[in-house]
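*Asks:* For reference, the sequence and a predicted model appear below.
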There are 4 protein chains.
Amino acid sequence: MSNGKFDIVRLHHAEITVTDLDRARHFYCDGLGLIETESDENQIYLRALEDANHHCLVLTKGKQASLKHIAYRVSADSDLDALDELFTELGVKKRWVEAGEEKGQGRALRIQDPGGIPVEFFYEMEKADRMLQKYHLQGNVKIKRIDHANCLITNIDDLYAWYSENLGFRTSEYTVKVDKENNEENIWAAWMHRKPSVHDLALISETGPRFHHTGFWMDDAKSILDACDHLASLGYYANIERSPGRHGTSNAFFVYVRDPDGNRMELYTGDYFTNDPDWEPIKWDLADPQRATFWGAMPPKSWVEEAVPVEDIHTGELLPIVPFRKKEHV
Amino acid sequence: MSNGKFDIVRLHHAEITVTDLDRARHFYCDGLGLIETESDENQIYLRALEDANHHCLVLTKGKQASLKHIAYRVSADSDLDALDELFTELGVKKRWVEAGEEKGQGRALRIQDPGGIPVEFFYEMEKADRMLQKYHLQGNVKIKRIDHANCLITNIDDLYAWYSENLGFRTSEYTVKVDKENNEENIWAAWMHRKPSVHDLALISETGPRFHHTGFWMDDAKSILDACDHLASLGYYANIERSPGRHGTSNAFFVYVRDPDGNRMELYTGDYFTNDPDWEPIKWDLADPQRATFWGAMPPKSWVEEAVPVEDIHTGELLPIVPFRKKEHV
Amino acid sequence: MSNGKFDIVRLHHAEITVTDLDRARHFYCDGLGLIETESDENQIYLRALEDANHHCLVLTKGKQASLKHIAYRVSADSDLDALDELFTELGVKKRWVEAGEEKGQGRALRIQDPGGIPVEFFYEMEKADRMLQKYHLQGNVKIKRIDHANCLITNIDDLYAWYSENLGFRTSEYTVKVDKENNEENIWAAWMHRKPSVHDLALISETGPRFHHTGFWMDDAKSILDACDHLASLGYYANIERSPGRHGTSNAFFVYVRDPDGNRMELYTGDYFTNDPDWEPIKWDLADPQRATFWGAMPPKSWVEEAVPVEDIHTGELLPIVPFRKKEHV
Amino acid sequence: MSNGKFDIVRLHHAEITVTDLDRARHFYCDGLGLIETESDENQIYLRALEDANHHCLVLTKGKQASLKHIAYRVSADSDLDALDELFTELGVKKRWVEAGEEKGQGRALRIQDPGGIPVEFFYEMEKADRMLQKYHLQGNVKIKRIDHANCLITNIDDLYAWYSENLGFRTSEYTVKVDKENNEENIWAAWMHRKPSVHDLALISETGPRFHHTGFWMDDAKSILDACDHLASLGYYANIERSPGRHGTSNAFFVYVRDPDGNRMELYTGDYFTNDPDWEPIKWDLADPQRATFWGAMPPKSWVEEAVPVEDIHTGELLPIVPFRKKEHV
């Protein structure tokens, strides 16, 4: 499951920007039922019901919705050094994050991946009280854990190869754009994983780099509907951006919600085991009407067009967004 | 629950027109899991899993999607005579349907209600095998029974009074259009019932008379989602017209599907007991964003605009459709 | 649905005895999610999520678990006078309960039915805030309304006829004990209703008069499982007396819980419409292994053997319990 | 996740003995909805809805219910050689199974583990049609994949160390027997995994070696209840041995069913991600009343006492069963 020098376990958390921490707390805690582990005047650290560690989502005060970083957990502290070496070799933009810079977390290596996404690798994190079997302390919205990150990028061919070859990501499903004139297929999106689920990372060819959503696992479809009831009566009915349906790709039953700043979360359930060694990635044609929507309403324009910018890991500036261009046909 | 002379029990079945019986059979039986009790070259009689009688839906071959009639069951054969008297008195257009004209059914009284909807009253119907506890013979879509009829009409004030005063219908919820200029509220829609659920009959102010949908009861939200999975993989994903959501009015969790001719069915669950004598009908403002959609995608244009015409009970011709006009403010 | 003189709408509430109000409050409010409408040092008045009235369950401080009364709601105040006349005629033990004696309630007529069960009839009750669509204020256990009362009595033949003939109760299902030697069937239990569900009242032939349980409606099986999770983690795992299963009779999916004093509640879902005029009551053989348990664990001994005594409506004393005896075969 | 020489992916299938193939086919295919990939007069090869390979369960004709082997899939063909070397070194009883001896499968290495359980390792298996999104072809019982094997053994200390140290199994949860007199804790059971779920393998201290059950994954609790309805109406109500409940250990919602020969299957859902590198195995006290049954009925005697014997990988004879003895306290 790795090159033997390091082992990336799974997508572990995301850090996003919100403009008003109290408003965000109401949405994420009262609304989505995430648990506040720690906070100060600039940040709120949240965990989900199954989490035994400090955080799976960090809200940081900022000027607009954006992605500060997504983070993968590795299986040993020394993996970080192996990754550092690899990134040096590959010429990837990177920096070390000191232990404690992100609360509850040990040292971390942060990079800008070749698609522009700010990605962190870390090993150590403080323990936190696990709520899984404390059912009576859970609210109506029962998010169990983070599941995946969905990123919009402009260089899918390169990035797909980069994650596959350098970091040991596998592919569960992918989408191709069929060019009948030139009799060729071009990869348009890929669902890639380290943990044996459909994905830790989805790469989608769009104007980018942008961050589309963070996916959270819920146990079943009924739990996702319960979440909608709770959010709607709490006043967040307009925040339910894309209503329940099933994706063709991933087979997930889903709902998408947006926080008051526009950061998007997917409530997600229903995928499958993907680590059999002879797994043949499922190919979808971009033109297949059941690809993105096996059934359900067409996504609203906002879902298709809007996503948040991502940060430069050195300057904290938002990266410029460039249109997706299909690789030149030579 | 009645004037003492008759007692209307509940909405019992609907007869609709389809252009191709085999195609319709595939949709309603293979798709929706309804059970064929009897059929010939012109009609298919269907029942649901809980039904102990011959039919809750009749498909009749015709030139286009339309409503031939909806039918209420009464509690005694003599109720039909009492209703006949009443309709004579009220000057309502009516005719007797002989026993057996509709298969499996005794004599029936059919009227054109003052809104133009073709409505039947009957008492006697043949028994049929009840499938409720034969779980292993049920398919993936488990419709339990018919629930309600949703009609678009142009004279809500008159019709609302007519059903309340003459036929003993109660109102669970209603919608008003608020006219701030004239400081008045006008009723726009009403959910009326004989059985103690939210409705047997919904009356909506729209261009009419038209028939919007037949509602079917399912046990829970998960069963409705299972129905979507089944329909989508069977090829009917485009027939799922309005994807899952919750109505404010009625509190129902719903999905709307359309048969290949465009007749619309609601898969419906989640209402409540409505027969307490001091029940105060719930009032909704037409402008309330959570009225029709407590949460969920906005309905597609087709759902808002399209409905099927209804038949003249004497000629079988489709009634002309007239635009809804608000009662003149004198 | 009545003799024309009165109309019993449905089972509306129950009053039971608990020995410690605070302990009971924790069980019913924190545990079962019922809402406290009003209380004093002797009583707690509770309602369920769908209730628009003052109470569906009253907890009264007493020396041991017992039933003080079950109550049916009638459709008009004058129905109470008609019932009073009827009971005088029938020689039934009765007394008037003054408005306000039971908080939030108008005048009521209380009787000891011929089986010994204390039964109340009332029309008027104060309104209360309805929580049905306030999802965000609901807890993990979502009881929607009271559904039925299950009583153990010793004279089923008489009592079954009494409720059918005098009070207009219908029968949805019943159980017979087959006596092959004498080639006869004797009714052993009956599920009787006024509202068109499986039952408002179940009569079971056992040592009696005793009260077995109050049934509460929940929307679906998943909600009942959620209730188990909540109760178990709150410390009430031993109060889940009979674990989830499906009854043959009624087709209900159920769980039974007992409060700290031993009063038993059924969390219940899954019945069906029962008011068609030609409904033929479903007959079960007492010896059918799927009668009481369509599937699921056999009930524990406590469920089979234990039930609480009932009060004398005049003295408040607990009625003596006599063994059930099969009607003599003459 | 391994010693670097081989990588065990997950529990992949089990081969069990049944006495009557047609009767077994009815139970597993008509009852449990598993799909027959291939069969002959001695065997039936079954797969689940999510499987893209030939089988996850093999039924082989024999004289009584028993376990022939459980099988783990490895991530490369060369892993088998590495395992062979390891087992030679460890002195483990083993034999090679030629490609095709088990239909659809490449060469495999079969061992008798130090607890007596017959265990196979293989890499290659034929592809089969995956039914996951063919919802309309699925029946009422929707088993997605195999999840785990539950084995009763007499030498937990040794075996736990053996799987941990030699094969890279991790532990998600374990149970200890507390000996207060001697102030010590002895491990009594362990839930061990290769895939990042609660377990691929449960080791329980009982008279052994015996095989308690094969666990199958279902998507949610409602699907498990649907399975009960289907099995019960098909006539298998008595085969539902242990009715729905939640385990403390694993947090699983479960039902246990037994085939007509007595082989036991668990329908299982609700576990969690277990591969974070700092996961601290959850410890349960054997005396904790919520350990095995977080809530639900106590297991029946048969569930506690009965399990099937296992085969000698060389002779095919059933291994003698010896009572569990606690390690001597020296």
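*Replies:* Structure received.
*Asks:* what's near enough to touch whichever residue of the stretch 51-200 of chain A sits closest to chain D?
*Replies:* Across the stretch 51-200 of chain A, no residue is closer to chain D than A:Ser75, which sits at 4.7 Å (C-beta to the nearest C-beta). For the C-beta atoms, the positions are set from N, CA and C on the backbone; glycine is no exception. A:Ser75 is in contact with A:6-9, A:123, D:1, D:277, counting by C-beta atoms under 8 Å, 6 or more residues apart in numbering or on different chains.
*Asks:* For those residues, could you give me JSON lines that also reports pLDDT?
*Replies:* Output for those, formatted as JSON lines (pLDDT from 0 to 100):
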{"residue": "A:Phe6", "pLDDT": "97"}
{"residue": "A:Asp7", "pLDDT": "97"}
{"residue": "A:Ile8", "pLDDT": "98"}
{"residue": "A:Val9", "pLDDT": "98"}
{"residue": "A:Tyr123", "pLDDT": "98"}
{"residue": "D:Met1", "pLDDT": "39"}
{"residue": "D:Pro277", "pLDDT": "97"}
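*Asks:* now, the most widely separated pair of these?
*Replies:* Largest separation among these by C-beta to C-beta: A:Tyr123 and D:Met1, giving 15.1 Å.
*Asks:* and A:Lys222, what element?
*Replies:* Using DSSP states H and E, A:Lys222 falls within helix A:221-231.
*Asks:* returning to that earlier point: in strands only, show me the contacts of A:Ser75.
*Replies:* Among the contacts of A:Ser75, DSSP state E puts A:8-9 in strands.
*Asks:* any idea which of the contacts of A:Ser75 is closest to B:Asp285?
*Replies:* Nearest member of these to B:Asp285, counting by C-beta to C-beta, is A:Val9, at 51.9 Å.
*Asks:* OK, contacts around the nearest residue to the closest one once chain neighbours are set aside?
*Replies:* Using C-beta to C-beta, 6 or more residues apart in numbering or on different chains and skipping the chain neighbours, the partner closest in space to A:Val9 is A:Arg73 (4.7 Å). Going by C-beta under 8 Å, 6+ apart, A:Arg73 touches A:8-10, A:12, A:121-123, A:125, D:276-277.
*Asks:* List only buried entries from these.
*Replies:* A:8-10, A:12, A:121-123, A:125, D:276-277 (16 or more other C-beta atoms under 10 Å in any protein chain shown).
*Asks:* so A:Ile44 is in which element?
*Replies:* Per DSSP H and E: strand A:43-47 holds A:Ile44.
*Asks:* could I get that strand in PDB with only the CA atoms?
*Replies:* Backbone C-alpha positions of strand A:43-47 (Å, rounded to 0.1, in the frame of the first residue of the first chain) are rendered in PDB as follows:
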ATOM      1  CA  GLN A  43     -10.100  29.100  15.500                       C
ATOM      2  CA  ILE A  44     -12.500  26.300  16.300                       C
ATOM      3  CA  TYR A  45     -11.300  22.700  16.300                       C
ATOM      4  CA  LEU A  46     -14.100  20.200  15.700                       C
ATOM      5  CA  ARG A  47     -14.300  16.400  15.700                       C
END
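*Asks:* what are the pairing partners of that strand, and which direction each?
*Replies:* strand A:35-39 (antiparallel), strand A:57-61 (antiparallel) (DSSP bridges).
*Asks:* Out of those, which is the most enclosed?
*Replies:* Mean neighbour count (mean count of other C-beta atoms under 10 Å in any protein chain shown) peaks for strand A:57-61 among the strands paired with strand A:43-47, with a mean of 22.
*Asks:* what's downstream of that strand, the next helix or strand?
*Replies:* Going down the chain from strand A:57-61, the next helix or strand is strand A:66-74, by DSSP H and E.
*Asks:* Pull out the buried positions in that next one.
*Replies:* Buried, per 16+ other C-beta under 10 Å, within strand A:66-74: A:66-74.
*Asks:* and the closest residue to chain D within chain A, what does it touch?
*Replies:* Chain D sits closest to A:Asp220 of chain A, with a gap of 3.5 Å, by C-beta to the nearest C-beta. Residues in contact with A:Asp220 (C-beta under 8 Å, 6+ apart) are A:269, B:222, C:222, D:219-222.
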